[in-house]
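Enquirer: structure for this input, please:
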Amino acid sequence: MIEKAREYLQHYFGYESFRSGQEAIIERVLAGKNTAGIMPTGGGKSICYQIPALLFPGITLVISPLISLMKDQVDALVHNGIEATYLNSSISASEASMRMNDIKQGKYKLVYIAPERLDHSAFQQEWQHMNLSLVAIDEAHCISQWGHDFRPSYLKIKTLLKELPSKPIVLALTATATPEVTADICQSLGIDNETTISTGFARDNLFFSVVKEENRDQFLTRYIEKNKQESGIIYAATRKDVDLLYQRLQKAGIQVGRYHAGMNEGERSFMQDQFIQDDLSVMVATSAFGMGIDKSNVRYVIHYQTPKNMESYYQEAGRAGRDGLDSECILLYSPQDMQVQRFLIEQSHPDPERKEEELKKLNKMKDYSFTEGCLQAFILRYFGDANPEDCGHCENCTDQRHSMDVTTEAQMVLSCMIRMGERFGKTLISQVLTGSRNKKIEEFGFGRLSTYGIMRQQTAKEVADFIDFLTAKQYIEMTGGQYPVLKVTHSGKEVLMGQKQVYRKERKQVAALTMDNVLFEQLRHVRKELASAENVAPFIIFSDVTLKDMAAKLPQTKEQLLNVKGVGQQKLERYGQAFMESIRAYVAEHSDVAHIPQPKEKSRQNGGIPTHLESYQLYREGNAIKDIATTRSLSIVTIESHIIKCAEEGLEIDWNQIFSVAEYQQIIETANRLGADKLKPLKEALPEEISYFMIKAALVKARIEE
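Expert: Next up, the predicted model:
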């Protein structure tokens, strides 16, 4: 049956091969085994039950808490020629009754329901008379008491499964489960360890970073302005924060929406639809937004505040780059956020054991924010990967900024705090340091302190930002309460005594994301018009990955278009003509289009991305990597990854531009001595001036020469 599954994958979904883990899960399900699949967001979990649903004789029931996602998935299935429907609170009772009648008559292969439907015994009894072949449980971590989003309604799934006479196969799927949660899921649903498939949690297309030393409002404004053509989500902790950010960005001329529980359902649905349709480029929201969104072209996710645990953070960050293209995940860290989250945990968890567990998870978020190691490796260790490799492209792996000695400035701040009695917040401290003459300073007599005005060459805002930096570095601690007070930590006292130096990285320049080429923009316009005419989300027509593959291959016939990733027979007949006409017009207008050599094979299983070949063309013309980065408005590390990719694909590389003969020999000898080609141990064993890029390039060169 697996051959038939591959055939259906091509015919209905337009893909030639399964992604990592998909085929193994489908094989076990088709063999009649209860199975668990632990796959990262964007890993293609839905295919794992949609393909078996087409092969099994009966109905596949999909239980999911994501009501808005149901409509998107059903729309996508119908557009692919697959009969599907959903039952949830978004439809009327009469509509639900009509759909149930159609289900009984065998009209649908897949039926999506919310877990709350299982609370009604009458509903459960109706399903006892259905021919159910498969029950797929999405977001399966909700069944575990140790999961970050435990739902009591999920406990009814066990009752349903026991009472179904058809004894359907069970498939549990989730993207965020620690080993403890995975074991809990399997125990609850009767799944054996050998039928648990985990593809790991790595998302190689996500670029992680933590911003601790900058004013987050200024950072946010700059970042969005530089990436205003891209779709992004900004998560804020409270409704008030969402509303303030929404108003601020709206005044700045950004096409922005908002989403939180304080809005009525009509407002939320309108904003969500606008975002999905690409009419809004940015959505500011609380954590309630996004779980039910199958929007594949979100290029960045920014957390305005620190989430309460790693599960929530990674799930929300994972909504970026679901199409497999490079995307950014940025956490704007603030010590005050930690105090707020700690207070909320203290108030909302009366059970001491549960409270202690949640506080441990919160401290892990703090550890993540301060780690100097690879950010993605930190996440992978949290989810049970004992020895993950460094990703080589997160903020910490690529940070080559110079550090400046700011010990003297730190001593000024810490000394001033002690002289003020460690009883005030950063606003008043920064005003004293910059020599403000406000009434409060005069009342306390702080104008007579030796530290008064000692940093007057800076603004109060600049000093306040520096205090935030010192707090982030844990030289200053913040007390709880409505009006936080700053105190000098033990490490801060070591700085004051001259026993420890303080270094601060140079300020970062925010780089724009990948610039889209002319044809890609034209194809996006065609997609938008088709989506508007059919009143569906643009990604349901084709994903960004598919459009980029079209822009690379320039298909002008049906046969050529079928070779584009994501184009199946159904969509070829439905939309192919419109896209081929646009491509033909582009080719006719650009008869001088450069013929860039095509790679021997796609470098990624989830999409051919031509942007690295554009970098390669500039590289072959003799341009330096930093100049290519400037020309293409990309980061240096992105251009480096393009060059590595081209080398792996067999294109000609001038290795002497990357490293000297001596450096190459040193890298390879070290690799042979360590007996492995893992990046982290190599980087630690080699001199500091040998970068990750040089190491990767040397390993590729060695493999080619073998």
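Enquirer: contacts only, for residue 381.
Expert: Residue 381 sits next to residue 388 when contact means CB atoms under 8 Å, 6 or more residues apart in numbering. In this view, the C-beta of every residue, glycine as well, is placed from N, C-alpha and C.
Enquirer: after the helix or strand harbouring it, which helix or strand is next?
Expert: Residue 381 is part of helix 375-382, with elements assigned from DSSP states H and E. As assigned by DSSP H and E, the chain's next helix or strand after helix 375-382 is helix 395-398.
Enquirer: which elements pack onto that next one?
Expert: Counting contacts by 3 or more CB pairs under 8 Å, 6 or more residues apart in numbering; DSSP states H and E, helix 395-398 packs against strand 206-211, helix 375-382.
Enquirer: so what's the closest residue to residue 103 other than its chain neighbours up against?
Expert: What sits nearest to residue 103 in space, not counting adjacent residues and going by CB to CB, 6 or more residues apart in numbering, is residue 111, at 5.8 Å. Neighbouring residues of residue 111 by CB under 8 Å, 6+ apart: 59, 60, 61, 62, 84, 85, 86, 87, 103.
Enquirer: can you check the pLDDT for the nearest residue to the third one once chain neighbours are set aside?
Expert: In space, and not counting its chain neighbours, residue 61 is closest to residue 135: 5.0 Å by CB to CB, 6+ apart. According to the predicted model, the pLDDT of residue 135 comes to 95.
Enquirer: same for the helix or strand where residue 135 lies, what does it pack against?
Expert: Following DSSP H and E, one finds residue 135 within strand 132-137. In terms of contacts (3+ CB pairs under 8 Å, 6+ apart), strand 132-137 is packed against helix 47-55, strand 59-63, helix 156-163, strand 169-174.
Enquirer: okay, now the sheet partners of that strand, with direction.
Expert: strand 59-63 (parallel), strand 169-174 (parallel) (DSSP bridges).
Enquirer: could I get the ones you listed as TSV with mean neighbour count and mean pLDDT?
Expert: Output for the strands paired with strand 132-137, formatted as TSV (neighbours: other CB atoms under 10 Å; pLDDT from 0 to 100):
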stretch	mean neighbour count	mean pLDDT
strand 59-63	25	95
strand 169-174	25	94
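Enquirer: end to end on stretch 36-50, go ahead and measure it.
Expert: End-to-end span of stretch 36-50 (CA to CA, to the nearest Å): 15 Å.
Enquirer: 56 is where my numbering starts, stick with that
Expert: All set: I'll call the first residue 56, so the last point we hit is now stretch 91-105.
Enquirer: so the residue nearest to residue 116 sits against residue 228, correct?
Expert: No. Using CB atoms under 8 Å, residue 190 makes no contact with residue 228, being 11.4 Å away.
Enquirer: rewinding a little: surely the residue nearest to residue 158 is within a strand?
Expert: Yes. Per DSSP: H, G, I helix; E, B strand; the rest coil, residue 166 lies within a strand segment.
Enquirer: state the distance from it to residue 178.
Expert: As judged by CB to CB, to the nearest Å, residue 166 and residue 178 stand 12 Å apart.
Enquirer: where does pLDDT dip in the stretch 56-205 of the chain?
Expert: Residue ranges of the stretch 56-205 of the chain with pLDDT under 70: 123, 200-204.
Enquirer: quick one, helices of it?
Expert: 57-63, 77-85, 102-110, 122-134, 148-159, 176-182 (DSSP state H, counting those that start in this stretch).
Enquirer: Throw those helices into a markdown table and include distance to residue 261, thanks.
Expert: Shown next, in a markdown table, are these (distance: least, CB to CB, whole Å):
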| stretch | distance to residue 261 |
| --- | --- |
| helix 57-63 | 28 |
| helix 77-85 | 20 |
| helix 102-110 | 20 |
| helix 122-134 | 20 |
| helix 148-159 | 37 |
| helix 176-182 | 38 |
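Enquirer: quick one, which of those helices is nearest to residue 412?
Expert: helix 122-134 (28.4 Å; CB to CB).
Enquirer: so for that closest one, what gets flagged as buried?
Expert: 122, 123, 124, 125, 126, 127, 128, 129, 130, 131, 132, 134 (16 or more other CB atoms under 10 Å).
Enquirer: what packs against that helix?
Expert: Right, helix 122-134 is packed against strand 139-142, strand 165-168, helix 593-596, helix 624-644 by 3+ CB pairs under 8 Å, 6+ apart.
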